[in-house]
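A.B. asks: coordinates only, sequence not included:
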């Protein structure tokens, strides 16, 4: 069970990194808004799981 939580935490952290990189390359406002939504959802998952968040 601990292994799954570590993996989940890793995936959430990597998703946040990926979404931040995607924001830098967004081509238009619609794409940017979609990425921001995904980023907010992933950050909420981190908060809900009690992850340490580097903001």
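C.D. replies: Thanks, I have the structure now. Computed from a predicted model, the values in this text were never measured in an experiment.
A.B. asks: List the contacts of residue 44.
C.D. replies: Contacts for residue 44 (C-beta atoms under 8 Å, 6 or more residues apart in numbering) come out as none. For every residue, glycine as well, the C-beta is placed using N, CA and C.
A.B. asks: so where do the helices sit in this structure?
C.D. replies: 2-25, 29-49 (DSSP state H).
A.B. asks: If I take the last one and helix 2-25, what angle do their directions form?
C.D. replies: Translated: helix 29-49. On the basis of axes from the mean of the first three to the mean of the last three C-alpha atoms, to 10 degrees, helix 29-49 is oriented at 160 degrees to helix 2-25.
A.B. asks: Give the buried residues for helix 29-49.
C.D. replies: 35, 38-39, 42-43, 45-46 (16 or more other C-beta atoms under 10 Å).
A.B. asks: Please apply the same query to the longest one.
C.D. replies: Within helix 2-25, the residues that count as buried by 16+ other C-beta under 10 Å are 9, 12-13, 15-16, 19, 22.
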